[in-house]
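J.: need coordinates for the following:
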Amino acid sequence: MCRVFLCLRIFNIDSMSTKPFDIILVGATGFTGRRAVKYLTDHAPESLEWGIAARNTQKLARISDDFSIGRDRCFKVDTTDPEDVKKIIHQTRIIVTTVGPFSLYGEELIKQCAETGTHYLDITGEVGFIKKMIAKYEDAAIQNGSILIPFSGFDSVPADITAYSLSKEFTEASKISIKSYYNISGGFNGGTIATMLNKFESGEYKEMNDPALLLKGADQKLHKTDGTRFFGYDSLISKWSAPFIMGTINTKVVYRSASLYDRNDHKYADSIGYSEHSALGPWYNPLPFLFISLFLTTLTLLGPYSWFRILLKKIMPAPGEGPSEESIQNGYFRLKAYATDNGRNTSTLTMSYPGDPGNKSTIFFLCESALFLAERDQSFLGEKGFLTTMTALGPEFIERLKSRGLKLTIN
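T.: Below is the predicted model:
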């Protein structure tokens, strides 16, 4: 163990006048973090200086060996220890973290990023937690020039791009309604399960019925789309449908973007309604619909009970575990969204990306967001504070994703 510690870089924080790294990835030894390390290894430009960090130094050393990452780019960090966090915050312009549940392991990183002008990205879906972080650290982040972009994975980049792109199809809209339908194939990893269960343990699930939870100000009006919580056969898509499991998260991020854009020339509409649904097969095969409906109902009713969460922990993947590589590569997400302007004009958007959405798409969106943020000239960065992907990175980011494999069309 001592040998491993001696391999890790040690800095004199007080003597640092510049930050030597563009990005430090925190959580590099986890199931998701390891995949992020591989993505950066394969796609980061040679001019980009990036490093990795984790709590377990032995695992970190193995990651270093596996990906030929020099020990001088490795950092030991316990994200709940302020001194540990301070050591890495002062080395980098951007922190990227995959360490969840973020309500347990994310606050110190957010706090110190906000206080030091360091940018931050994560893959959380913990809306209530981010609401608390905004209340505590938004002012400091704005004052110090920090850009903090939670929800930078499959939650909630596709949804954010969808609402932004469709809103641009209408001019001077007073009311836009958007319904997104997902068709996905993939599995859960242990970190996702732990985060989901923590929402019940912490009581955050009680806040999820408030669509305005993340709004920036009260000017943006919201309305419900038709069939927001619909279970059954949906004539719009000619398939069985149920609420999308991530919809309560993604909807609030979309509404935050709308409220942030409401203050400038990119306003979506006076009132926006957004909802997400699962597309679950044709009329002659209701089995996927019945399974998903049963799963969602069971999770909603029994999630608050500790015995049920204990049972799930026994039968679902543990933190650090996840689907096989073959399963991840064979997965996919496909999204089709329908938008109406005051019930008159219509527009549709289709989007897809190959691979398990929770274990491949998430890494794609997170790492590309971080790389794009790192490559942008600071003088072109706009608002500071807690932003969404679209409000932080803008429409140029959509073109970047399309050039790297995201398929997106609008009709």
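J.: quick one: mean pLDDT for stretch 208-225?
T.: For stretch 208-225, mean pLDDT rounds to 90.
J.: any idea how far residue 344 is from residue 306?
T.: 50 Å (Cβ to Cβ, to the nearest Å). Where you see a C-beta, it was placed from the backbone N, CA and C, and this is true even at glycine.
J.: one more: residue 20?
T.: 46 Å.
J.: more neighbours: which of those two?
T.: Comparing residue 20 with residue 306 by other Cβ atoms under 10 Å, the one with more neighbours is residue 20, at 15 against 10.
J.: quick one: the more buried one and residue 91 touch, right?
T.: Yes. With contact defined as Cβ atoms under 8 Å, residue 20 counts as touching residue 91 (6.0 Å).
J.: what about the strands in the stretch 251-400 of the chain?
T.: Using DSSP state E, counting those that start in this stretch, the strands assigned to the stretch 251-400 of the chain run over residues 271-279, 332-341, 345-354, 385-386.
J.: direction included, what does the first one pair against?
T.: Read that as strand 271-279. Applying DSSP bridges, strand 271-279 is found paired with strand 175-185 (parallel), strand 221-222 (parallel), strand 239-243 (antiparallel).
J.: again, but for the shortest one
T.: Note on strand 385-386: by DSSP bridges, its sheet partners are strand 147-149 (parallel).
J.: quick one: average pLDDT of the strand it pairs with?
T.: Rounded mean pLDDT across strand 147-149 is 97.
J.: ok, stretch 51-71 next?
T.: Averaging the model's pLDDT scores along stretch 51-71 yields 97.
J.: same thing with stretch 397-406?
T.: 97.
J.: who touches that stretch?
T.: Contacts of stretch 397-406 with the rest of the structure, by Cβ atoms under 8 Å, 6 or more residues apart in numbering, involve 43, 161, 164-165, 351-354, 364-365, 368-369, 372, 389-390, 408.
J.: list buried residues within these.
T.: Neighbour-count burial (16 or more other Cβ atoms under 10 Å) is assigned, among the contacts of stretch 397-406, to 161, 164-165, 351-354, 364-365, 368-369, 372, 389-390, 408.
J.: low-confidence stretches in this structure?
T.: Applying pLDDT under 70 to the chain picks out residues 1-17, 263-265, 343, 377-381.
J.: let me see the domain layout of this structure.
T.: The chain breaks down into these domains under automatic domain parsing: 2-154+361-396, 157-356.
J.: how about TSV for these, with distance to residue 402 added?
T.: Converted to TSV, those look like this (distance: least, Cβ to Cβ, whole Å):
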stretch	distance to residue 402
domain 2-154+361-396	11
domain 157-356	10
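J.: out of the ones you listed, deepest packed?
T.: Stretch with highest mean neighbour count among those: domain 2-154+361-396 (a mean of 20; mean count of other Cβ atoms under 10 Å).
J.: nearest spatial neighbour of residue 283, skipping sequence neighbours?
T.: residue 233 (6.1 Å; Cβ to Cβ, 6 or more residues apart in numbering).
J.: is it true that that neighbour touches residue 279?
T.: No. With contact defined as Cβ under 8 Å, residue 233 does not count as touching residue 279 (11.3 Å).
J.: do I have it right that residue 89 meets residue 116?
T.: Yes. Residue 89 is within contact range of residue 116, at 5.5 Å (criterion: Cβ under 8 Å).
J.: pretty sure residue 172 is in a strand, no?
T.: No. Per DSSP: H, G, I helix; E, B strand; the rest coil, residue 172 lies outside any strand segment and is coil.
J.: how close does it sit to residue 221?
T.: For residue 172, the distance to residue 221 equals 15 Å [Cβ to Cβ].
J.: same question, residue 256
T.: From residue 256 to residue 221 the distance is 14 Å (Cβ to Cβ).
J.: measure stretch 49-59 end to end?
T.: Chord length of stretch 49-59, first to last residue, is 21 Å (Cα to Cα, to the nearest Å).
J.: outside of it itself, list whatever touches it.
T.: With contact meaning Cβ under 8 Å, 6+ apart, stretch 49-59 is reached by 1, 4-5, 8-9, 20-30, 33, 37, 40, 44, 60, 63-64, 69, 73-79, 88, 91-92.
J.: other SSEs contacting the longest helix seen in the chain?
T.: With DSSP state H setting the assignment, residue counts place helix 127-144 as the longest helix in the chain. Judged by 3 or more Cβ pairs under 8 Å, 6 or more residues apart in numbering; DSSP states H and E, the packing partners of helix 127-144 are helix 102-105, helix 107-116, strand 147-149, helix 190-202, helix 247-261, strand 385-386.
J.: ok, now with 7 Å
T.: Contact partners of helix 127-144 among helices and strands, from 3 or more Cβ pairs under 7 Å, 6 or more residues apart in numbering; DSSP states H and E: helix 107-116, strand 385-386.
J.: make CSV from those and add distance to residue 212 to it.
T.: Converted to CSV, the helices and strands packed on helix 127-144 look like this (distance: least, Cβ to Cβ, whole Å):
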stretch, distance to residue 212
helix 107-116, 22
strand 385-386, 15
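J.: ok, which of those comes nearest residue 177?
T.: strand 385-386 (26.3 Å; Cβ to Cβ).
J.: circling back: residue 48 is nearest to which of the strands paired with strand 271-279?
T.: strand 175-185 (31.1 Å).
J.: who's in contact with the closest one?
T.: Strand 175-185 is contacted by residues 159, 162-163, 166-167, 170, 223, 225, 237, 241, 244, 268-279, 331-342, 357 when judged by Cβ atoms under 7 Å, 6 or more residues apart in numbering.
J.: hmm, 6 Å instead?
T.: 162-163, 166, 225, 237, 244, 269, 271-279, 331-342, 357 (Cβ atoms under 6 Å, 6 or more residues apart in numbering).
J.: before we move on, what about stretch 20-39?
T.: Outside stretch 20-39, the residues touching it (Cβ under 6 Å, 6+ apart) are 48-54, 56, 59-60, 63, 67, 88, 91-99, 189, 191, 320, 322, 363, 367, 370, 374.
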